[in-house]
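>>> I would like the atomic coordinates for the input below:
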Amino acid sequence: MADIIPTPTGHVRLGSNAGQPLTRRDGVLKVTGAATYAADNRPDGLAYAVFAHSSVARGRVTSLDVDAAKVHPGVIEVITPANRPPLGRDPDGKAHMFSWRTEALQNDTVRYAGQPIALVVAETLEAATEGARLLAPRYAAEPARIGFDAGEAYDPPAVGIGSPPNFAKGDVEAGFAAADQVTETRIETPLQYHNALEPHAIVAAWDGDRLTVDVPSQAIAMARNDFAAYFEVPPENVTLRSPFIGGGFGSKAILNGPQLLCVLAARMVGRPVKLAVTRQQMFGHLGHRGATRQHLRLGVDGEGHLTALEHNAISTTSSFDDFLEPAANASHNLYATPALKTHHTGVRVDTGTPGPMRAPGEASGSAGLECAMDEAAAALGLDPLEFRLRNYSETDPASGKPFSSKALRECYAEGASRFGWAGRPLAPRQMRDEAGCLVGWGVGTAMFPAPMFQAKARATLARDGTGLMEIAAVEMGQGALTALAQIAADGLGLDGDKVELRAGSSELPDGGIAGGSGHTATAGSAIFAAGSDAVRKLAELATRDEASPLFGAGNAGVVGRAGRLHRADDERRSEAYGDILQRAGLSHIEGEGAGARDPADAAEYAMFSHGAVFAEVKVDPDLYQIRVSRLVGAFAAGRIINPRLAKSQLTGGMIWGISFALHEDAIHDPRTGRPMNADFAGYHVPVNADAPSVEAFLVEEVDRHVNALGIKGVGEIGVTGSAGAIANAVWHATGVRPNRFPIRIEALLH
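Down below sits the predicted model:
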């Protein structure tokens, strides 16, 4: 429903499409195999590229048998640092905050195992693969620096994407001195690698100085501009197509070396070139979650209120770049405390550079924080949920700002009720199931920022009563094509089946970045504004036309609904969109819109989604094998456009919490630096049997400040809180406090 009537604080009323639990628009395409992913593209004359990767983690490549590769049947070209043409931008430069130093054969230096060291282009994938094998690289290797104790510690200039590495509020030492109890918690989290269903792939084709790339991208416009800069062509000469992404989790937001090399190869050989990364090659140059060592101190008075909180984190990064997992920042915005201090230290090791990975910082940091809160509650003899409620923050602890909205109390209450928390014994090792397994219950608070980027959209209303919305939005499995189409229908005042949404191409208006749980808010705001602009223009035509029943309704306002404009003060006076356009002699009318947060609201309010996760685990008393038998999560995330999709995202995040707590661990050989479990046989993720009962539900929340639509985000918050809740449940079952993730059987032996 498009409203041409102002509403308080800019908060808009949506129509009947938003809020509906619709099934995915792209579902049939995906289950029938008709959805086109990057690697599915096969332009005429296609050649195939495979990169050879380093088997050592540090040193130099001293030789490559290029001649052997070139004479292999089908090989077209071999690209090495010796013959790689120049690029318009230095791969070791950082052009903006979302750019990483990367490897594009700029020299013979090896910085981590799995680094691209050459590229082979051939007529077939098999020939390219064999050609890469025939290169038989030799190295001048140096000892690999793997793990916290082997790496070089340093004070980072920033953590995450540009956040300050340290923070302090109040006198922490005075707070500890005044405390009746001080607890210390040490937690270690491992490297974790993005492993989306779709590995990275790219198809690149040149036509003169015009480039077309099919590539999964979470930031279509930004990627187009970066390709243009690297290859010295105007951005409008680059067409980037990314209609479907098979999962990204942050790894597909930033350009990487193999993508650049594929585009370079296509220019060199004068043919389209495809490069598809293997599953094993996902473990190296495409980002990961860095390992952390966390030390938390909590001071608490006799009433169970925090007097001080200190959270220090050591995070691993590469030897050549500075992305650090901002784990300690998870303590900034959750629990009320008069004194708060966080600090980050970096450790340089010989791996690829970490990067944003679903809930960067919050996932690992909340695991540490929630374990620390549980330990403090146990030392006090308090129920852990009661302890969290006693330290509930009514304003943002770090900034002092009021929250734009916060329904966390309701999440605690409703989640506890559904889970049955009231029956939980305080002491550990008090519950068993019918099979004799130890049973434990734990809780963790979930929290994630509600960011918003900038986006643009274009809307068209046609005389036949249909609408078109165009935006370079990103569908990576989260349901964007469905939720954004629902917003488009309401913005245009049409039924959902009358609206076409075009997305996934750089030829469309910039849809912003699909990351940080901000895509629906960002793109959705632009879409609604564009639809409303088209309806406004249509209303101007009607209200100025004496032949229209809406003539003169300008001051009263009109409402667009189901393809008709209605007078707001007299619903009986209405007219179909098509009749208005026909009388005006127009086949269509267009509108444009932008999505951005009100700067005044951004300055005044702290904006977060909140939730509470309750976990039940069962532990074999003899083997100490751990199973998560139940997860219940309650989440408040502003206006929910599609409850079905939101619950799907939240459920997926909670399952990732199971993965974090019990499964994921990237193991690197300390001698060679090579990942030892670079496949799904050794790198474990949950399967159905590991998640028998995961329930996510939504708590109603109205936010009139986060953006005009009141939308927050649900993509990442499900991860936060879940790992900590599971670890706390393991303690409650066994009486043993885990201090490393994933929680191993040997950690429980005593």
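
>>> would you map the strands across the stretch 501-650 of the chain?
Applying DSSP state E, counting those that start in this stretch to the stretch 501-650 of the chain gives strands spanning 558-561, 564-567, 570-576, 588-595, 608-619, 626-636.

>>> ok, the third one: who's next to it in the sheet?
So that's strand 570-576. strand 564-567 (antiparallel) (DSSP bridges).

>>> give the rounded mean pLDDT of the strand it pairs with.
Mean pLDDT, strand 564-567: 94.

>>> again, but for stretch 717-729
For stretch 717-729, the per-residue pLDDT averages 98.

>>> read off the pLDDT value for the nearest residue to residue 731 once chain neighbours are set aside.
Nearest non-adjacent residue to residue 731, counting by CB to CB, 6 or more residues apart in numbering: residue 737, 5.0 Å away. All C-beta spots, glycine's among them, are computed from the backbone N, C-alpha and C. pLDDT, residue 737: 97.

>>> returning to that earlier point: highest mean neighbour count out of the strands of the stretch 501-650 of the chain?
Ranked by mean neighbour count, the strands of the stretch 501-650 of the chain are led by strand 608-619 with a mean of 28 (mean count of other CB atoms under 10 Å).

>>> and that strand, which strands flank it?
Strand 608-619 is paired, per DSSP bridges, with strand 438-449 (antiparallel), strand 626-636 (antiparallel).

>>> can you redo those strands as a markdown table with mean pLDDT and distance to residue 568?
Shown next, in a markdown table, are the strands paired with strand 608-619 (pLDDT from 0 to 100; distance: least, CB to CB, whole Å):
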| stretch | mean pLDDT | distance to residue 568 |
| --- | --- | --- |
| strand 438-449 | 98 | 37 |
| strand 626-636 | 98 | 32 |
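
>>> which residues touch the residue lying closest to residue 237 once chain neighbours are set aside?
Of all residues not flanking residue 237 in the chain, residue 210 sits nearest, at 4.8 Å (CB to CB, 6+ apart). When the contact criterion is CB atoms under 8 Å, 6 or more residues apart in numbering, the partners of residue 210 are 233, 237, 238, 239.

>>> same thing with residue 539?
4, 550, 553, 558, 560, 565.

>>> let me know the pLDDT of the nearest residue to it once chain neighbours are set aside.
Leaving aside its sequence neighbours, residue 539 sits nearest to residue 558 (CB to CB, 6+ apart; 4.8 Å). Listed pLDDT for residue 558 reads 91.

>>> and for residue 749?
89.

>>> that one contacts residue 623, correct?
No - if you go by CB atoms under 8 Å, residue 749 and residue 623 don't touch, sitting 10.2 Å apart.

>>> so residue 76, which state does it fall into?
strand (DSSP: H, G, I helix; E, B strand; the rest coil).

>>> my error: substitute residue 651 in the last question.
Under three-state DSSP, residue 651 falls in the helix class.

>>> same question, the one 4 residues further on
At residue 655 the chain is in helix, as set by three-state DSSP.

>>> returning to that earlier point: partners of the residue nearest to residue 237 in the sheet?
residue 207.

>>> any idea how far it is from residue 236?
Distance from residue 210 to residue 236, counting by CB to CB, to the nearest Å: 9 Å.

>>> wait, what's in contact with residue 104?
So residue 104 contacts 84, 87, 91, 116, 257, 260, 261, 264 (CB under 8 Å, 6+ apart).

>>> just residue 203 next, same as before
For residue 203, the contact set (CB under 8 Å, 6+ apart) comprises 38-39, 41-43, 46, 213-215, 262, 272-274.
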